[in-house]
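>>> predicted coordinates and the sequence they were generated for:
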Protein chains: 2
Amino acid sequence: MKRVKHKKDRIVLDTSLFVNPEIRNDFGDSPTEAIKGFITLAEKIPELEFFMPSSIFNELMNFVDRRKVPGRMLALIHQKSPSKHEMNCPAIFLYELIEDIRDRVNKGLRIAEKAVRDSGSKDERETIQSMRKNYRVALREGIIDSKEDVDLILLAKELDALLVTVDHGAIKWAEKLGIRWLLPDRFKDYLLSFLEDES
Amino acid sequence: MKRVKHKKDRIVLDTSLFVNPEIRNDFGDSPTEAIKGFITLAEKIPELEFFMPSSIFNELMNFVDRRKVPGRMLALIHQKSPSKHEMNCPAIFLYELIEDIRDRVNKGLRIAEKAVRDSGSKDERETIQSMRKNYRVALREGIIDSKEDVDLILLAKELDALLVTVDHGAIKWAEKLGIRWLLPDRFKDYLLSFLEDES
């Protein structure tokens, strides 16, 4: 059966697809190879348009040799920030964000107090290292905690795109905003399905 | 000169007006007396309508003997939550909030690390107390950090009202959103100006 022609679907990509070793192996052995592998496959799929917030693109460039990234990538993956000064978000999000942060801030304080109490009986350096780890987990995990995360979410919303990310915070907000999302470990299968369709 | 009749202006009140000792003395010696003093004055000003988010009203009720609050207060100060499921906020706020929180979270960790280091040479209880204080200041001051704060800001926005508050976080956001605000220590003078006008 022939596929009905739709408007091009849009995809917003996070770095994890190329950087996270477990995932990028679908496309290549290193971030640079993964980018090349992705380009080769994606160029065969005219039904899809790919986007990446500029902030995320810059993050990705820290993992690769800029000079070895083919110019075709710049044509294939559009770098674009969300129109952050024009877009709105539901006010209820402010409540959720602030309540969430409040809980985390309190948790952070409990962790710090415990560390001070532990420091009498344990090595200072170890105590601080373990506290740092626990503190970061408590305050950051599962939350949108960087402007890069907000860029991903808002760009996907603005473009009505499919968001490909492994970030729990971004996925949680995608759910709230009705944004379609896909874990990167299924992304190669997703892309291949377009090629099967055409055969 | 006779004042031109305008539509009633609206005022959103924070608890500080009645609770903060330095300010409430303009109206009465205790929170309950301050409420009564305010009512007596405000009832003479038909040009103004007063509002308080329900969450803020409940906060205020913790400071007074509920039974001694005159029923006229319920008629004079409308209790109303903002229409938080209908309202939007500019997406750029998400960025500002998240960047601000990120900085504070890092500061909190530095404070905790310092406390662990200090704990070798100082009393544990004192170290923890001083850490708590510094941590709270670093993570909360000047930021909107509770749903009550968001209620104040959104209600003032929704009603296009004058916000009377001493809270730095709320004032900062009022500035961003084009909300008029007034420090409570000038509020009695503000009210009295309406009476002078009529004489």
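Looks like it arrived, so ask away.
>>> which of the three states applies to A:Phe50?
strand (DSSP: H, G, I helix; E, B strand; the rest coil).
>>> show me what contacts it?
By C-beta atoms under 8 Å, 6 or more residues apart in numbering or on different chains, the residues touching A:Phe50 are A:10-11, A:13, A:42, A:76-78. For every residue, glycine as well, the C-beta is placed using N, CA and C.
>>> before we move on, what about A:Asp123?
Contacts of A:Asp123 by C-beta under 8 Å, 6+ apart: none found.
>>> before we move on, what about A:Ser83?
By C-beta under 8 Å, 6+ apart, the residues touching A:Ser83 are A:Glu158.
>>> how long is stretch A:166-183 from one end to the other?
6 Å (C-alpha to C-alpha, to the nearest Å).
>>> and chain B, is it touching that?
No: shown here: stretch A:166-183 not in contact with chain B (C-beta under 8 Å from any C-beta of the partner chain), separated by at least 9.4 Å.
>>> pull the helix or strand with minimum mean pLDDT from chain A.
helix A:21-24 (a mean of 84; mean pLDDT, DSSP states H and E).
>>> from the chain's centre, how far out does that one sit?
Put simply, helix A:21-24 sits 14 Å off its chain's centre (C-alpha atoms, centre = their mean, to the nearest Å).
>>> now do the buried residues in it.
The neighbour-count check on helix A:21-24 (16 or more other C-beta atoms under 10 Å in any protein chain shown) flags A:23-24 as buried.
>>> give me the distance between A:Leu177 and A:Tyr95.
Separation of A:Leu177 from A:Tyr95 (C-beta to C-beta, to the nearest Å) stands at 15 Å.
>>> and the contacts of A:Phe50, which of them are in helices?
Using DSSP state H, the members of these that fall within helices are A:42, A:76.
>>> one step back: the least confident helix or strand of chain A packs against which elements?
Applying 3 or more C-beta pairs under 8 Å, 6 or more residues apart in numbering or on different chains; DSSP states H and E, we find helix A:21-24 packed against helix A:16-19.
>>> circling back to that earlier point, have a look at A:Leu177 and A:Tyr95 and say which one is more surrounded.
A:Tyr95 (18 against 15; other C-beta atoms under 10 Å in any protein chain shown).
>>> would you double-check that the more buried one falls in a helix?
Yes: the assignment for A:Tyr95 is a helix, going by three-state DSSP.
>>> could you look up the SS state of A:Leu163?
strand.
>>> residues contacting it?
A:Leu163 touches A:12, A:14, A:152-153, A:156, A:170, A:174, A:179-182, counting by C-beta under 8 Å, 6+ apart.
>>> any of those buried? List them.
Using 16+ other C-beta under 10 Å, the buried members of the contacts of A:Leu163 are A:12, A:14, A:152-153, A:156, A:170, A:174, A:179, A:181-182.
>>> farthest pair in these?
A:Ile153 and A:Leu182 (14.4 Å; C-beta to C-beta).
>>> quick one: is stretch A:55-64 near chain B?
No: judged by C-beta under 8 Å from any C-beta, stretch A:55-64 stays clear of chain B, getting no closer than 10.5 Å.
>>> wait, stretch A:92-103
Yes: counting by C-beta under 8 Å from any C-beta, chain B has neighbours in stretch A:92-103: A:92-95, A:97-99, A:101-102.
>>> buried set for that stretch?
A:92-95, A:97-98, A:101.
>>> could you do stretch A:9-29 as well?
A:10-20, A:23-24, A:26-28.
>>> before we move on, back to that, now the contacts of A:Leu163 as a markdown table including pLDDT and secondary structure?
Below are the contacts of A:Leu163 laid out as a markdown table (pLDDT from 0 to 100; DSSP: H, G, I helix; E, B strand; the rest coil):
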| residue | pLDDT | secondary structure |
| --- | --- | --- |
| A:Val12 | 98 | strand |
| A:Asp14 | 95 | coil |
| A:Leu152 | 96 | helix |
| A:Ile153 | 95 | helix |
| A:Ala156 | 97 | helix |
| A:Ala170 | 92 | helix |
| A:Ala174 | 94 | helix |
| A:Ile179 | 97 | coil |
| A:Arg180 | 98 | coil |
| A:Trp181 | 98 | strand |
| A:Leu182 | 97 | strand |
